[in-house]
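> need coordinates for the following:
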Amino acid sequence: MGFNVGDIVAVQADPSRVGPVIQILQSVDGFGRYRVFHEAGSMREYAEDQLVLAAAQQEATTAGLSPEEFRARLVAARLSHPLTDHVYSLRAARIKYVPFQFRPLLRLARADEPRLLIADDVGVGKTIEAGLIMKELAARQPLDHVLVLCPKALTVKWREEMRRFDEDFRVLDSSSLRYCLNEAHLDGAWPEEYRRAIVHYELFARTAYLKGDGKRKKDKGLRELDPPPAFDLVIADEAHHLRTPGTNSHELAAYLSEISTALVLLSATPVQTQARDLFTLLNLLRPDLFRTGRRSSRSSSPTDTSTPPYGLCAAVRPRPPRRRSRRWTLRRTPVGASRRSPLTPGMTTCAGVWTRPP
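Okay, here's the model as predicted:
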């Protein structure tokens, strides 16, 4: 039995690994070999006896099911993959119901990875939107550890706002952060008493807490922890502070992005001085889609509308020009646009980071 290019096959040892055959390789000792595409950046080679047609595998696993067993499997599948358009956290907070504030969590629920940049204007309610995302994720999956990063002046505000969601967050100071890092070094996990934590950038970005204290070997930094602590959700407020590569703040955010399941960035001004600022934030969220090597070496200012942000060239599509004003306005969507958007008038992003008036 052989396979042809385009056949959907599954790995016999792991039936969940399914993909199409994209190339037939040279046989070895009379056994056929095939290259199978699983996902972006993941292509594997298998011997013929390691593969089976996915349709045959599915038929073998469902043949002979009674109606009761079939319904039980259907219910289990629905529970393991909640409906993306159903809001489980609709009444999970003591807040005024504002429909547009639920748009970010719906966008996150439909995304292939739980990563989102919320760029609404000041006063729109980004903190509430982040809290709704947190409650929605908690309703869909275990949410054991949540970390909020923000400037020092906003730590108390975040703690008070999260109480509206019946969440008790603890603000970390230098001693409590050191305690968490030491416990994570000894136990391999973030301490349970700080499972909901708020820490400000000015503290966590210090070299002693990020990379370790060279004078005190026992005090490990976050990057020195092995295994690293796992966070189910990381929220970074005023994320434009992370826009400069090479700084401790940017390195902290990049590392937290690697060890966290979900990441939400909040910023009313994602473009501070140049279009590359927006690209840097998107690269923190999805380095697989927005790669640093694709950036142009040219500089650009927020008022320069000659080119779209670097790295977004593949994510924009032209739109017919408008005869009226080209002014960019903010729409109350999960991610808005400032009036000084660097996008070229007549273009919009498929990713939904920037929008223009209808």
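> tell me the first helix or strand C-terminal of the helix or strand in which residue 21 is found.
Taking DSSP states H and E as the definition, one finds residue 21 inside strand 14-28. Later in the chain than strand 14-28, the nearest helix or strand by DSSP H and E is strand 31-39.
> now do the helix or strand following that next one: everything it contacts.
Following strand 31-39 in sequence order, the next helix or strand is strand 42-47 (DSSP H and E). Applying CB atoms under 8 Å, 6 or more residues apart in numbering, the external contacts of strand 42-47 come out as 11, 22, 25, 28, 31, 32, 33, 34, 35, 36, 37, 38. Glycine gets a C-beta too; all of them are placed from N, C-alpha and C.
> ranges for the strands of the stretch 51-200 of the chain?
Here the stretch 51-200 of the chain has its strands, by DSSP state E, counting those that start in this stretch, at 51-53, 115-118, 146-150, 170-171, 196-200.
> poorly predicted segments of the stretch 101-250 of the chain, please.
Residues of the stretch 101-250 of the chain meeting the criterion pLDDT under 70: none.
> using ChimeraX, define a selection of the buried residues within the contacts of strand 42-47.
Those of the contacts of strand 42-47 that count as buried under 16 or more other CB atoms under 10 Å are selected in ChimeraX with:
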select :11,32,33,34,36
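> turn the strands of the stretch 51-200 of the chain into a markdown table, including mean neighbour count.
Listed next are those as a markdown table, based on neighbours: other CB atoms under 10 Å:
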| stretch | mean neighbour count |
| --- | --- |
| strand 51-53 | 18 |
| strand 115-118 | 24 |
| strand 146-150 | 25 |
| strand 170-171 | 16 |
| strand 196-200 | 22 |
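> now do the closest residue to residue 48 other than its chain neighbours against residue 104, distance only.
Counting by CB to CB, 6 or more residues apart in numbering, residue 32 is the residue found nearest to residue 48 once chain neighbours are left out, at 4.0 Å. Distance of residue 32 to residue 104, given as CB to CB, to the nearest Å: 48 Å.
> also residue 257?
Distance of residue 257 to residue 104, computed by CB to CB: 18 Å.
> neighbour-wise, which of those two wins?
A direct count of neighbours by other CB atoms under 10 Å for residue 257 and residue 104 places residue 104 higher, at 25 against 18.
> so the more buried one makes contact with residue 119?
No - applying CB atoms under 8 Å as the test, residue 104 and residue 119 come out as separate, 10.4 Å apart.
> ok, back up a step: TSV for the strands of the stretch 51-200 of the chain, including distance to residue 261?
Formatted as TSV, the strands of the stretch 51-200 of the chain follow (distance: least, CB to CB, whole Å):
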stretch	distance to residue 261
strand 51-53	31
strand 115-118	10
strand 146-150	10
strand 170-171	21
strand 196-200	15
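> which one of those strands lies closest to residue 75?
strand 51-53 (26.9 Å; CB to CB).
> direction included, what does the closest one pair up with?
Here strand 51-53 is paired, per DSSP bridges, with strand 8-11 (antiparallel).
> buried residues in the strand it pairs with?
By neighbour count on 16+ other CB under 10 Å, the buried set for strand 8-11 is 9, 10, 11.
> go on, stretch 265-284?
Applying 16+ other CB under 10 Å to stretch 265-284 flags 265-271, 274-284 as buried.
> what of stretch 203-216?
203, 204, 205, 206, 208, 209, 210, 211, 212, 213.
> hmm, who's touching it?
Residues contacting stretch 203-216 (CB under 8 Å, 6+ apart): 149, 152, 172-174, 177-178, 181, 219-224, 247-249, 251-252, 255.
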